[in-house]
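J.: need the 3D shape of this:
(3 chains, ligands or ions: 6)
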Amino acid sequence: MPLLEVRDLTVSFHTSDGLVQAVRGVSFDVEKGHTLGVVGESGSGKTVCTQTLLGLTPGADVSGQALFDGRDLLRMSPAELQRVRGARIAAIFQDPLSSLHPLYTVGWQIVEMIRAHRHIARSAARARAIELLDMVGIPQAASRVDDYPHQFSGGMRQRAMIAMALALDPDLIIADEPTTALDATVQAQVIELMTKLQTEFDTALIIITHDMGVIAETADEVMVMYAGKAVEKADRRTLFYFPHHPYTKGLLESIPGSTAAGERLRPIPGQPPSLISIPTGCAFHPRCQYVMDRCISEVPPLFDIAGGHTSACFLPTQILGLGEDVDRERASAAAAGRAENGAAARLAARATEEIETAGVHLPDAGVLAGAGMSDRSRGPRTSQNSPDDAGTQP
Amino acid sequence: MTALPHGTSPAAAAAAAAADEDDALLTLDDVVKHFPIRRGIVIKSEVGQVRAVDGVSLTVRRGETLGLVGETGCGKSTLARCMTRLYPLTSGRITFDGHDISRLSPRAMRPYRRQMQMIFQDPYGSLNPHRRIGSIIGDPFAIHGVADGPERKRKVQELMELVGLNPEHFNRFPSDFSGGQRQRIGVARALALRPKLIVCDEPVSALDVSIQAQIINLLQTLQSELGLTYVFIAHDLSVVEHVSDRVAVMYLGKVVEIAERAALYSTPRHPYTAALLSAASVADPDRAAVRQRIVLHGDVPSPIDPPSGCRFHPRCPKAQEICGRVQPDLVPVLADPPKHVTACHFPMADGEKLGPAPAEPADAHPPGIGMR
Amino acid sequence: MCGAFILFLVLVAVFADPLSHLIGWGPTQQDRATGTTADGLPVGPGRIHLLGADQLGRDVLVRLIYGARVSLVVGVSAAIAAVLIGVIIGLCAGFLGPAVDSVLARLMDVVLAFPFLLFAIALVTVVGPSELLEIAVIAFFSWAAVGRIVRGQTLAIREREYVEAARSLGAGNLRIMVVDVLPNLIAPVLVYVTLLIPISIVFEATLSFLGVGIIPPTPSWGNMLDDAQQGGLYQVAWWFLTFPAAALVLTTLAFNLLGDSVRDALDPRTERLFAK
Ligand SMILES: Nc1ncnc2c1ncn2[C@@H]1O[C@H](COP(=O)(O)OP(=O)(O)OP(=O)(O)O)[C@@H](O)[C@H]1O
Ligand SMILES: Nc1ncnc2c1ncn2[C@@H]1O[C@H](COP(=O)(O)OP(=O)(O)OP(=O)(O)O)[C@@H](O)[C@H]1O
Ligand code: SF4
Ligand code: SF4
Ligand SMILES: [Mg+2]
Ligand SMILES: [Mg+2]
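T.: Residues are numbered from 1 along each chain as shown, chains lettered A, B, ... in the order given. Ligands and ions are numbered 1, 2, ... in the order given. I've put the predicted structure just below:
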């Protein structure tokens, strides 16, 4: 039985602007000792998804099921959840500056966190805090334990957060962008530290990150999220070498290094959609260069592609992978699903054009040059922000 | 630039000679920034110093992108804030566009602020959540009294358009924008007064790869259109490789190597550079599995009490006795061209493989994690 | 609900004159004929005096109405004055660096440690009571608490990246304090104002009760309570104590509830903005 079994998790927020559908039916499992990598666009609901498991999204409408060790996290009382949180499930949050209180020393915060769960003396907790800071590589931990967060560099703060998460030997660690603020060598150390922990204690790990390199090195399984849904799920190699969903493909192609240095990168055109007015059909359709007619009206279900590989896209399931040949196949399959000059055809043409011009146009040359600022004609606007951009703007 | 001032360190002389002198936009000469550490509740006494930046000399040329990488906490952000004179220097000299700005008061700095701007790492933290973005982007105009009323509004909207934001969103709050769009707002604000130099402190670290690619493309387009000069700090080595013309590597408050991008990535001379490059994560599971990573062991030394001699020596696989005594100068080594300088007594030869780190601190991270 | 009560209170205070005409008694008008019984005791609530009369035969309802005016004027002005001083000093303490901070923080400590009543009584004895002096005394003793809160917030905001961004653009201290820090303080300060008003109203009542606030015969809830307890009159004339006390309690409660709802209304938004 998996350690964590999430089924059809749905989270939405009522705001003054409308209902924000942050997570729209996500299911996944995490086995003991395994690592699930979660990637996806900013605002696709990765953080909300995992924070809901910890009961940290007050005011949200939550439905679904999240069995942790057989018990449903979503139905626990706050007191029970409080006991699970920190002690059995630890979280490393995305923003180390906001997660650490600016007016208390780092050491104080770790000590308080330990003492909230374990009845040990303050001095013992403090010794433990120093040991932990040392373990995550804070130099001279014994003296820097009394520093305030702003006296730490970004990476040191993140390591302090990791130290806090490790303090109570949890069964599951949820790490939200744990290495974003770290340099390559420290990142390697932290990854090593986390994987070592994992093999030693059979800890399960959920890593949310933008860094595909971290995913490539740590994840057993990868889940790609877009607009509150898991659009593709596969084991690591399959996801990197045989992606099916056009969003996953776009993500992989945006990585610097997939293009030669100095060349332009190839971002996915457009901006992430507003979760208040999610595009109809496939939420990715306004930005997809393979959009077909049915994508605009029908929501693609999760198709099974091969053992454990699922993808929510109408393109034929046998078209997998990256590269020009596969792209051509995708393009011709997509063309077959489009009426001439229909809405889908127009969207596809625009996305394709933007990818070719690599996502950025300048409105006009020399805009800022002195007088040029006042009386120039309006150039072509970057279309990712034009108001008619099919639902990308609230 | 005029002749080098007297009292210039040899390292700086070499660095300056390496750069084409007429081309220098910003020259740092032995810049030092120490933060005092104070303890005590009633009477605060100074018990030591964090030597965040400890003698950095480098030159930024007009129109180039200088990448700046290095260990977490090695002083990159501090150096960036020294360059833009957000921090007063402890000592050293900064020359911007031929003017010595190292001792200018905040008031005297103001005219230069128009010419050097920063883009910050955190697209959430660097925009005041309680202000409308039109007013945020208009800040530079307001502060420098450049444009008022409708004219300011028009300029702001032009900037928004320039960075790919919808100018009609003038009146929205930062919370209404996604991370990538907020970073565009930060870029727009930095561009407002048409600066010569933009110091980017991890401008894309918080963004997902696809939006990151959009911003990098935007920065590059703006650079070629407007002739901007960038100092680009990042942890992601592939991003730095992508954007930089030259790359400087820092370790514990010092620059240990500067070279053109291709030279640095293909023939790193400093053992730390080699270790750093080898540790870079590879977004490719198969290559990641086979590549050889030099994991540095040993404690990250403290900037409060840095090691003597070469600061890398306690962790360096190649360290010898002299390394602990004599601090190496930043000079061309092993027949490198003058523009590739390294601070190491025993630089890496072409194609040399760095051995494992010194055997001693294998237990540097003791497995004593358990508390069960 | 509480908003409605406060609105009602404000309207009553504003229209005190026409209201008293309507009721037919002036605030200091003594009704010897029907206001007191033959043996000099005040009459209870009834047709002539709706809420009864006091020992001098003055109408309790009318005096309550005028008392609301005093309470609101003193309470609101003192709260606003306190907040103004507190914000300015707290902002300077938090923003202008350790030297300024240590002086101002010490000052706040001293003010907070001051024996309020003793000082007030001494001052009034020397200078003589007046409404203005009362406002000044209350404001003087309340600003330090605001100052502390503002200082704490400012210290945290000071470290935020957008403040640094403003500096890098060349903004001076004053501009950053006004443009970047102040807007972040609006929410907590607004909450604090609504909480400070009832505190000031109670302060005012206390001072008047002790006879160092509003000079009789001008009515205020405090000196009405004082009248009631003098000579143990409240034992025979409950209305005389109950109505001013109830007015005080209800007003305090209403402002506190208002403060809570202001906080609830502002907080989620601030929370979310900060959390992001
Ligand atoms: N408390 C809240 N009230 C309203 N909306 C919210 C709340 N918390 C999150 N959201 C919205 O939910 C969406 C998902 O946010 P989430 O933080 O999960 O994104 P993410 O995938 O973690 O992005 P990133 O990669 O930038 O961290 C966003 O649009 C966000 O604005
Ligand atoms: N205001 C300060 N007071 C005391 N020490 C400081 C201060 N700011 C930075 N430091 C210290 O100076 C050193 C360098 O910090 P800095 O933020 O420049 O590192 P960095 O290279 O930018 O790291 P990162 O990559 O993690 O952002 C660190 O040891 C840090 O703790
Ligand atoms: S092809 Fe259709 S279903 Fe597939 S990602 Fe594109 S728009 Fe969505
Ligand atoms: S000088 Fe010595 S210790 Fe320093 S990097 Fe070179 S070989 Fe290593
Ligand atoms: Mg997130
Ligand atoms: Mg930094």
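J.: quick one: the residue in the stretch 101-250 of chain C that ligand 3 sits nearest to from chain A, how far?
T.: When scored by Cβ to the nearest ligand atom, the stretch 101-250 of chain C has C:Glu161 as its residue closest to ligand 3, at 36.1 Å. The way it works is simple: take the backbone N, C-alpha and C, and place the C-beta from them, glycine included. According to Cβ to the nearest Cβ, to the nearest Å, C:Glu161 stands 8 Å off from chain A.
J.: so who does that residue touch?
T.: B:Phe120, B:Gln121, B:Asp122, B:Gly125, B:Ser126 (Cβ atoms under 8 Å, 6 or more residues apart in numbering or on different chains).
J.: what do you get for B:Phe96?
T.: B:Phe96 sits next to B:Leu25, B:Leu26, B:Tyr112, B:Gln115, B:Met116, B:Leu197 when contact means Cβ under 8 Å, 6+ apart.
J.: now list the buried members of those residues.
T.: Buried residues within the contacts of B:Phe96, counting neighbours by 16 or more other Cβ atoms under 10 Å in any protein chain shown: B:Leu25, B:Leu26, B:Tyr112, B:Met116, B:Leu197.
J.: among those residues, which two are most distant?
T.: B:Leu25 and B:Tyr112 (11.9 Å; Cβ to Cβ).
J.: show me the contacts of B:Phe96 that map onto helices.
T.: Taking DSSP state H, the ones among those that sit in helices are B:Tyr112.
J.: dump the contacts of B:Phe96 to a markdown table, plus distance to ligand 1 and pLDDT.
T.: Formatted as a markdown table, those follow (distance: Cβ to the nearest ligand atom, whole Å; pLDDT from 0 to 100):
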| residue | distance to ligand 1 | pLDDT |
| --- | --- | --- |
| B:Leu25 | 34 | 92 |
| B:Leu26 | 33 | 93 |
| B:Tyr112 | 34 | 90 |
| B:Gln115 | 33 | 91 |
| B:Met116 | 29 | 91 |
| B:Leu197 | 29 | 94 |
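J.: and the contacts of B:Phe96, which of them are in strands?
T.: B:Leu25, B:Leu26, B:Met116, B:Leu197 (DSSP state E).
J.: just put those in JSON lines and tack on distance to ligand 2.
T.: Compiled in JSON lines, those are given as follows (distance: Cβ to the nearest ligand atom, whole Å):
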{"residue": "B:Leu25", "distance to ligand 2": "22"}
{"residue": "B:Leu26", "distance to ligand 2": "18"}
{"residue": "B:Met116", "distance to ligand 2": "18"}
{"residue": "B:Leu197", "distance to ligand 2": "18"}
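J.: pLDDT below threshold where in chain B?
T.: For chain B, the stretches flagged by pLDDT under 70 are B:1-22, B:39-45, B:297-300, B:356-372.
J.: just checking, what packs against the top helix by length along it?
T.: Criterion DSSP H: the longest helix present in chain B is helix B:209-226. Counting contacts by 3 or more Cβ pairs under 8 Å, 6 or more residues apart in numbering or on different chains; DSSP states H and E, helix B:209-226 is packed against helix A:246-254, helix B:179-191, helix B:237-243.
J.: do the first one and chain B meet at all?
T.: Yes. Figure legend: helix A:246-254 in contact with chain B (Cβ under 8 Å from any Cβ of the partner chain); contacting residues A:Gly250, A:Leu251, A:Leu252, A:Ser254.
J.: got the buried residues for whichever helix or strand comes after that helix?
T.: Counting by DSSP states H and E, the next helix or strand C-terminal to helix A:246-254 is helix A:293-297. Across helix A:293-297, burial judged by 16+ other Cβ under 10 Å covers A:Asp293, A:Arg294, A:Cys295, A:Ile296.
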